[in-house]
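*Asks:* Need coordinates for the below:
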Amino acid sequence: MRILILGGTSEASELVRHIAGDGRLHPILSLAGRTANALPSGIETRVGGFGGVDALVDWLQHNKTQAVIDATHPFAARISANAQAATTRLGLSLCTVLRPEWEATASDRWTNVPDADAAARELGPQPRRVFLSIGRQSLAAFAAAPQHTYLIRSIEAPDSASLPPKVDLIAARGPFDRASEAALLRDNRIDVLVSKNSGGTATYPKIEAARDLGLPVIMINRPHKACGTAVTTAAEAHAWLIAHHDARTCSERGV
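*Replies:* Numbering: from 1, shown residues only. All right, here's what the predicted structure looks like:
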């Protein structure tokens, strides 16, 4: 069964490990290409966007795709909407891997905001030392709040033209641990953390570290994400694929 995996997350990488070498499945992994030094997947991989719904429909037809797994980031709303529209048009099955959101505990000091622009405004007028751990795509919003000093962590260096003036950059890839995250916040005298509610375990230690140190967190809420059959783990997505494969096989045999 030919399947397309829309990847770029730890869940996508785990799913690939589950199905690599399974002769029942012919997976192709698609990466958006925002990270130039992506880790090798071990399966056939394409890199780059599709160019919208119509182009995705054409690709799925040309590659005789029979099912799609959307294992993109919880904030990758556009590709998820395109995947839902394209699979609906073609009558293909779609499974969406959507990890649970983080939830504040009684000890957390969260302020929830809808987007990066609101997060920049929430920082307020007085200069603060801010840890931005939100990926490269949303950093430009903080150029509107140049009074703050920002510590930015990203897998790859962001476009300097989009950054606020007072910035220190750290190039790093998770997972991280709680002790080192607490040390990072202390050593850089961070006043407030800005984070997307990405969920998962790889970057949650920064939330735990902020809690340990009593620091406030400005938490950017997730956008609406179009879904097919929703699961929360790579193992569940793998089980869905096998069940889908078996159902197709029985149908083709007239069982």
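*Asks:* Can you list the residue ranges for strands in the stretch 1-150 of the chain?
*Replies:* Using DSSP state E, counting those that start in this stretch, the strands found in the stretch 1-150 of the chain span residues 2-6, 26-31, 45-47, 67-70, 93-97, 110-113, 129-133, 149-154.
*Asks:* Any chance of CSV for the ones you listed, columns mean pLDDT and distance to Gly200?
*Replies:* From N, CA and C alone the C-beta is placed, and that goes for glycine too. Putting these into CSV (pLDDT from 0 to 100; distance: least, C-beta to C-beta, whole Å) gives the following:
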stretch, mean pLDDT, distance to Gly200
strand 2-6, 96, 17
strand 26-31, 94, 18
strand 45-47, 92, 22
strand 67-70, 97, 16
strand 93-97, 97, 11
strand 110-113, 98, 17
strand 129-133, 96, 13
strand 149-154, 94, 16
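*Asks:* can I get these in JSON lines with distance to Leu193 and mean neighbour count?
*Replies:* Output for these, formatted as JSON lines (distance: least, C-beta to C-beta, whole Å; neighbours: other C-beta atoms under 10 Å):
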{"stretch": "strand 2-6", "distance to Leu193": "29", "mean neighbour count": "23"}
{"stretch": "strand 26-31", "distance to Leu193": "28", "mean neighbour count": "20"}
{"stretch": "strand 45-47", "distance to Leu193": "31", "mean neighbour count": "14"}
{"stretch": "strand 67-70", "distance to Leu193": "28", "mean neighbour count": "26"}
{"stretch": "strand 93-97", "distance to Leu193": "26", "mean neighbour count": "22"}
{"stretch": "strand 110-113", "distance to Leu193": "10", "mean neighbour count": "16"}
{"stretch": "strand 129-133", "distance to Leu193": "5", "mean neighbour count": "23"}
{"stretch": "strand 149-154", "distance to Leu193": "10", "mean neighbour count": "20"}
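*Asks:* Was I right to think Gly48 contacts Ile79?
*Replies:* No - Gly48 lies out of contact with Ile79 (C-beta atoms under 8 Å); the separation is 11.6 Å.
*Asks:* ok, those two, which is more surrounded?
*Replies:* Just comparing Gly48 and Ile79: by other C-beta atoms under 10 Å the higher neighbour count belongs to Ile79, 20 against 10.
*Asks:* so how far is Ala85 from the more buried one?
*Replies:* With the distance defined as C-beta to C-beta, to the nearest Å, Ile79 ends up 11 Å from Ala85.
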